[in-house]
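Trainee: build me a model from this:
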Amino acid sequence: MILTVTPNPCVDKTVFIDKLKVGAFMRSHKCTCIPGGKGTNVSRAVKLMGRDTKAMVVVGGHPGRHVVEMIEQQDGIECVPAWVASQTRTITTVLEEPIHRQTAFFEPGSRVTETEARGIVETFRRAVAGARVVAFSGTVSDPAISWLYGELIPIAKNAEAITILDSHGPEFARGIEAVPYMAKPNVAELQEFVGFTLTNSTEQLRAIDVLHARGIGLVVLSLGREGAIVSSGAGRFQVIPPAIREVNAVGSGDALVAGLAIGIMEKAPIEDAARTACAMGTANAMSWDIGHFRVEEVHAIRDGVRVVRMQ
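Mentor: Numbers count the residues shown, from 1 in each chain. The predicted model follows:
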């Protein structure tokens, strides 16, 4: 089973219109609503690929209850809520369909008290039982608990779960101190961590080596449309997706994490796991709905993914 941890989930609402007019009353012809957050995206992709997953989320208020209901009822995924008093955020995206332009409104995340933070840790301690892989995804809702991954990762390791970290900023730094098995930053996130620019592959590999020197066994550097660099004891290579018509890339990095988590859980060769993971991320970008690609698309795209060895 793959457990995902999302400390800052959201109600992810999209309003579809023809043209946005500032200061006007706009009427939408369509609206969608899904449980948002990086870990929930990972769980959704894992479930679509036919594997078992649980989603732990930190939630509060009516929006938090809505997130839990959507995870369980819309996505069919077991949800483990850690409750706080402060209300879960809503992200509203206005999509102008004819020109495919997005305008997004982000509410502030939940505040977390010290007592609630200890409750999150205890909820995780129970949730991790039986997990083979744990993916820690996204940032926390309250800077006061930026230490969270640094405390949860050792608990997961003590439960003999393989740990994956996909975050940035203080949460990433504290998580790296706990030495997860895998880290998946993008270029901007890794650049922030190492403190030097990553404008070419030489600098990118140098930054990856900084993480290896910290004890990280598998580093996956996301390159967006250009795929990813995968580095481990088995070698280094770039996975390059085929060209597609991109519709919405949000959640593609999470689909990539899901594919790698599946490969790690099933002890697949890392090149095979990375190829499938890249195909999953690419399939996700081909539709608006996050994590609603088809398995058949993944298999078709996988044949077009190139794996290039790096020196």
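Trainee: rest of the way, CA atoms for contacts and neighbours
Mentor: Will do.
Trainee: okay, now Glu296: neighbour count?
Mentor: Neighbourhood size, Glu296 [other Cα atoms under 10 Å]: 10.
Trainee: same deal with Gln191?
Mentor: For Gln191, the count of nearby residues is 17 (other Cα under 10 Å).
Trainee: look up how far Thr32 lies from the closest residue to it other than its chain neighbours.
Mentor: For Gln191, ignoring the flanking residues on the chain, the nearest one in space by Cα to Cα, 6 or more residues apart in numbering is Thr197 at 5.8 Å. Going from Thr197 to Thr32 by Cα to Cα, to the nearest Å gives 39 Å.
Trainee: shaky segments in the stretch 151-300 of the chain?
Mentor: The stretch 151-300 of the chain contains no residues with pLDDT under 70.
Trainee: all strands of it, in order?
Mentor: Secondary structure of the stretch 151-300 of the chain (DSSP state E, counting those that start in this stretch): strands at 162-166, 182-183, 218-222, 228-232, 235-240.
Trainee: surely Met182 meets Leu165?
Mentor: Yes: the criterion here is Cα atoms under 8 Å, and Met182 meets it with Leu165 at 6.2 Å.
Trainee: burial count for Gly224?
Mentor: When neighbours are counted by other Cα under 10 Å, Gly224 registers 16.
Trainee: for it, which residues are in contact?
Mentor: 186, 253 (Cα atoms under 8 Å, 6 or more residues apart in numbering).
Trainee: and the gap between Ile145 and Gly281?
Mentor: Counting by Cα to Cα, the separation of Ile145 from Gly281 is 30 Å.
Trainee: more crowded one of those two?
Mentor: Gly281 (29 against 18).
Trainee: gap between the residue lying closest to that one once chain neighbours are set aside and Ala104?
Mentor: Spatially, and ignoring its direct neighbours in sequence, Gly281 is nearest to Ser252 (4.2 Å; Cα to Cα, 6+ apart). As judged by Cα to Cα, Ser252 and Ala104 stand 18 Å apart.
Trainee: who has more neighbours, the two?
Mentor: Neighbour count, other Cα under 10 Å: between Ser252 and Ala104, Ser252 has more, with 28 against 13.
Trainee: report the separation between that one and Thr199.
Mentor: Noted for Ser252: a distance of 22 Å to Thr199, by Cα to Cα.
Trainee: before we move on, what about Val121?
Mentor: Counting by Cα to Cα - Val121 and Thr199 are separated by 38 Å.
Trainee: between these two, which one's more packed in?
Mentor: More crowded of Val121 and Thr199, by other Cα under 10 Å: Val121, with 17 against 10.
Trainee: could you look up the SS state of the more buried one?
Mentor: With DSSP: H, G, I helix; E, B strand; the rest coil as the basis, Val121 sits in helix.
Trainee: give the contact list for it.
Mentor: Val121 neighbours (Cα under 8 Å, 6+ apart): 148, 151-152.
Trainee: need those residues in a markdown table with distance to Glu271 and neighbour count, can you?
Mentor: Output for those, formatted as a markdown table (distance: Cα to Cα, whole Å; neighbours: other Cα atoms under 10 Å):
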| residue | distance to Glu271 | neighbour count |
| --- | --- | --- |
| Leu148 | 31 | 20 |
| Glu151 | 31 | 14 |
| Leu152 | 28 | 23 |
